[in-house]
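**Student:** sharing a sequence plus its predicted fold:
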Amino acid sequence: MTLRQFFAKMLVELGPQDWWPARTRLEIILGAILVQNTAWQNAALALKQLRQKGLLNLARLRGASRAEMESCVRPAGFFRQKTRTIQKFLTWLERNCHGSLKTMFSLKTELARHQLLAIKGLGPETVDAILLYAGHRPVFVADNYTRRILARHEMVKSGADYAEVQQFLHQHLPADPDIYNEYHALLVEVGKKYCKRTDPLCDKCPLQEFLGQNQLMEVSSSMMNVG
DNA sequence: TGCCAGGCCGGGT
DNA sequence: ACCCGGCATGGC
């Protein structure tokens, strides 16, 4: 009951988020890398630069020099690392998927996850964002906001790591990518507004009423219709 | 103006 | 198994 109410409350407060804010699968993948520990606004600036240079397609991106890519990526911060990560991903795609995203997304979820995690610069959150938002796979993105909010509401133990929180959500939610999509997006928005790293408690958080309610029941797809 | 953002890696204990 | 510093830019 509580997890469903929790979600319904967020949906009412903030409305549907309509994520991921990108058009193509490639753009989602690049965005997932560019937004690592960075405000989305800055990642968006980098994507804009890439678009202006015509690099938001695989063929052109492969042909871009490191310097050219770095100059586009710069506003997203960590620009050397992120450029390296993008290039390592492109190399992996060439060697393992004939350079085709279609081939990549035909891999079974667990295999794709395993392979992507082996690329330096791609960690669990980035990979899961790619699988969920570009691949429409039922994989919950248990990012920092998700972990912090669930911990503060005592649904998971404080300090629970990525895998623990993800497993918890997979256990208590139907394996539906549309639900994972909306739920994660809402958690990020709630986090930005009410649950930043330095906020000691979420006293203004509209979800405060759920604090301490950790008895959870399964939810159904009908929750998507709330709000 | 300082502090933070939709992480990840490598090295140390 | 943890803990830490480094990586970097733009906005509030």
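**Tutor:** All right, it came through fine.
**Student:** excluding chain neighbours, what is closest to A:Arg148?
**Tutor:** In space, and not counting its chain neighbours, A:Arg148 is closest to A:Cys195: 5.7 Å by C-beta to C-beta, 6 or more residues apart in numbering. In short, each C-beta sits where N, CA and C put it, glycine included.
**Student:** who are the contact partners of the nearest residue to A:Pro16 once chain neighbours are set aside?
**Tutor:** Nearest non-adjacent residue to A:Pro16, counting by C-beta to C-beta, 6+ apart: A:Glu182, 6.4 Å away. By C-beta atoms under 8 Å, 6 or more residues apart in numbering, A:Glu182 lies in contact with A:11, A:16-17, A:19, A:224.
**Student:** point out where chain A drops to low pLDDT.
**Tutor:** Where chain A drops to pLDDT under 70, the residues are A:1, A:200-203, A:212-227.
**Student:** show me what from it comes close to DNA strand B.
**Tutor:** Contact residues (C-beta under 7 Å from any atom of the strand) of chain A with DNA strand B: A:19-21, A:31-32, A:35-40, A:42, A:77-78, A:81, A:119-127, A:129, A:133, A:143-145, A:162, A:188, A:191-192, A:196-198.
**Student:** the spatially most central residue of chain A: what secondary structure?
**Tutor:** Centroid-nearest residue in chain A: A:Ala129, 3.6 Å away (criterion: C-alpha atoms, centre = their mean). Of the three states, A:Ala129 takes helix under DSSP: H, G, I helix; E, B strand; the rest coil.
**Student:** burial measure for whatever residue of chain A ends up closest to DNA strand C, as a count.
**Tutor:** Closest to DNA strand C within chain A is A:Gly77: 2.3 Å, counting by C-beta to the nearest atom of the strand. Applying other C-beta atoms under 10 Å, we find 17 residues neighbouring A:Gly77.
**Student:** related to what we said a few turns ago, for the residue nearest to A:Pro16, pull up the helix or strand it's in.
**Tutor:** Taking DSSP states H and E as the definition, A:Glu182 sits inside helix A:177-194.
**Student:** hmm, that helix in reach of DNA strand C?
**Tutor:** No - using C-beta under 7 Å from any atom of the strand, we find that helix A:177-194 stays clear of DNA strand C, coming within 10.5 Å at best.
**Student:** could you check that helix and say which residues are buried?
**Tutor:** A:177, A:179-191, A:194 (16 or more other C-beta atoms under 10 Å).
**Student:** now do stretch A:48-61
**Tutor:** By 16+ other C-beta under 10 Å, the buried positions in stretch A:48-61 come out as A:49-50, A:55-56, A:58, A:61.
**Student:** now stretch A:133-147
**Tutor:** A:133-135, A:137-143, A:145-147.
**Student:** and stretch A:75-94, by the same measure?
**Tutor:** Using 16+ other C-beta under 10 Å as the test for burial, stretch A:75-94 gives A:75-79, A:82-87, A:89-90, A:92-93.
**Student:** centre of the chain to it, how far?
**Tutor:** Between the centre of stretch A:75-94 and the centre of its chain there are 17 Å (C-alpha atoms, centre = their mean, to the nearest Å).
**Student:** tell me which residue in chain A sits closest to DNA strand B.
**Tutor:** Distances between chain A and DNA strand B by C-beta to the nearest atom of the strand are smallest at A:Gly123, namely 2.2 Å.
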